[in-house]
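> Give me a model of this one.
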Amino acid sequence: MSGDTQVSERIKSCRENLRISQVLLAELAGINPTQLYRYESDKAKPRPDAADRIAAALGVSTAWLVHGTLPVARGAQIDPPVPAGGGLIVKFLELPPALAFVVKRLAMQNGSTVEMELLDLVHQGLEAKHKKKLACAESAASSALPASGENSTAP
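Numbering: from 1, shown residues only. Take a look at the predicted model:
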C-alpha cells in the first residue's frame, strides 16, 4: 500500500490482513460498527480520536492510517509498510479469532503489545504447569511415606 491510497483502503486492507471482521475491529477500537463501515466505504472520514483508536486496534500508526506516511508501526519505522503491533504474530501463530481478540484487548487495556501479552500468557501457563508438577510430586512423595503409627522395620 502506498501513500496515495485512501484511508478507507488502508483500514480495510489492514483489517483483512488481520482476518478480523468489521464488527470485531469496531469493538476493539470502541466505535460503532456502522461508522466503521462508513469509513471503509469512504462515505465518511474518521475524526482524529476515532482514527487513533482504529490505528491502535490495527497496530499501525495514526499518521500512516490517515495520511499514508511513515512510520507504519506505532513507535517504529518499518519499510515496506505492513501492519504491525501484534497483527503479524497473531497471524503467524494462527490463533483462533476469539483468542486473538482477547489477547489484543488485554494489550490495549494494559497499554502493552500483543507480543508482550502472549509472552505473559505463556509464562503464566508454564508457571501453572510447574506448580501442578510440584503438587503431583509432593503428593506422590507423601503417599510413599509410612503412616506415623507404622513401624518401617520388619519384626
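> any idea how far the residue most central in space within the chain is from Ala98?
In the chain, the residue lying closest to the centroid (C-alpha atoms, centre = their mean) is Lys104, at 2.9 Å. From Lys104 across to Ala98, the span is 11 Å (C-beta to C-beta, to the nearest Å). (Each C-beta comes from the backbone N, C-alpha and C, glycine too.)
> next one: Lys132
25 Å.
> residue ranges of the helices in the protein, please?
7-17, 22-29, 33-40, 48-58, 62-67, 87-93, 97-110, 114-144 (DSSP state H).
> Need these in JSON lines (columns: mean pLDDT).
Formatted as JSON lines, the helices of the chain follow (pLDDT from 0 to 100):
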{"stretch": "helix 7-17", "mean pLDDT": "89"}
{"stretch": "helix 22-29", "mean pLDDT": "90"}
{"stretch": "helix 33-40", "mean pLDDT": "95"}
{"stretch": "helix 48-58", "mean pLDDT": "90"}
{"stretch": "helix 62-67", "mean pLDDT": "85"}
{"stretch": "helix 87-93", "mean pLDDT": "55"}
{"stretch": "helix 97-110", "mean pLDDT": "76"}
{"stretch": "helix 114-144", "mean pLDDT": "79"}
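> I'd say Ser61 and Ile54 touch.
No: with contacts counted by C-beta atoms under 8 Å, Ser61 stays clear of Ile54, the gap being 11.4 Å.
> More neighbours: those two, which one.
Ile54 (29 against 25; other C-beta atoms under 10 Å).
> who's in contact with the nearest residue to that one once chain neighbours are set aside?
Spatial nearest neighbour of Ile54, chain neighbours left out: Ala29 (4.7 Å); criterion: C-beta to C-beta, 6 or more residues apart in numbering. Contacts for Ala29 (C-beta atoms under 8 Å, 6 or more residues apart in numbering) come out as Leu36, Ala50, Arg53, Ile54, Ala56, Ala57.
> any idea how far Ala63 is from Ala29?
From Ala29 over to Ala63 (counting by C-beta to C-beta), the distance is 17 Å.
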